[in-house]
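Q: With the sequence up front, the predicted model follows.
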Amino acid sequence: ILNVEQSPQSLHVQEGDSTNFTCSFPSSNFYALHWYRWETAKSPEALFVMTLNGDEKKKGRISATLNTKEGYSYLYIKGSQPEDSATYLCAFGTDSSYKLIFGSGTRLLVRP
Amino acid sequence: DGGITQSPKYLFRKEGQNVTLSCEQNLNHDAMYWYRQDPGQGLRLIYYSQIVNDFQKGDIAEGYSVSREKKESFPLTVTSAQKNPTAFYLCASSKRTSGTNTDTQYFGPGTRLTVL
């Protein structure tokens, strides 16, 4: 059974702090790694899709890296703002299926 | 505005009753998905459809059924055979440009089902 782990489960930071969290996934049969942001009372929205080892993606203050050989991805938020408060989900896709396997998410709360 | 709609937002049903959750998209996406979320768990795939008139079971299909008669619509029926139906249900769609899982999934707002 393929499993995706995210850590930490939750994180409280002060406005202006930089933070990062981890997504761990099986290193075999890797095809794609997705990051989504899910704000309360809204739909999850896509942040990044990464496919190549060493990929780095950036969107404003948020960036992500990918290591497919060791099976992890990091999401970084520079200078956190209260509007960054959300649950961040990662999802792993293999080369043998159309399915994505989601982690349980990291819940980020940024205090003003 | 293009997007995915799910209705209703909240649904209450008595135990033993079947219930159908609606999912409609106007994004012209070929692929559609149903997920279930329980507290402390990741999204788990119930069913998915890559094309009209075709669908496949996901990881937790038991007690659920779907249909895909139109490209825009992918309703999910929670049957009385589903032992623990109370959960949050999310519908998603994607373009299926490459036929693999690099396609971004676009999610609806979800339906919270409570079985009394």
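A: Received it, and whenever you're ready, just let me know what you need.
Q: Could I get the contacting residues of the residue in chain A that chain B sits nearest to?
A: Closest contact between chain A and chain B, by Cβ to the nearest Cβ, is at A:Gly93 (3.1 Å). Where you see a C-beta, it was placed from the backbone N, CA and C, and this is true even at glycine. By Cβ atoms under 8 Å, 6 or more residues apart in numbering or on different chains, the residues touching A:Gly93 are A:Tyr31, A:Ala32, A:Leu33, A:His34, A:Lys99, A:Leu100, A:Ile101, B:Thr100, B:Asn101, B:Thr102.
Q: give me that answer again for 10 Å
A: A:25, A:29-34, A:49, A:51, A:99-101, B:100-103 (Cβ atoms under 10 Å, 6 or more residues apart in numbering or on different chains).
Q: Where is pLDDT lowest across those residues?
A: Lowest pLDDT of those: B:Thr100, 66.
Q: Flag every residue of chain B that's near chain A.
A: Counting by Cβ under 10 Å from any Cβ of the partner chain, the residues of chain B close to chain A are B:3-4, B:6, B:9, B:31, B:33, B:35, B:37-45, B:48, B:50, B:56, B:58-59, B:90-92, B:94, B:96, B:98-110.
Q: my guess is A:Ser63 meets A:Tyr76, correct?
A: Yes: using Cβ atoms under 10 Å, A:Ser63 is in contact with A:Tyr76, at 4.9 Å.
Q: shared neighbours, those two?
A: In contact with both A:Ser63 and A:Tyr76: A:Asn20, A:Glu56, using Cβ under 10 Å, 6+ apart.
Q: which of the contacts of A:Gly93 count as buried?
A: Among those, the ones that count as buried by 16 or more other Cβ atoms under 10 Å in any protein chain shown are A:25, A:30-34, A:49, A:99-101, B:100-103.
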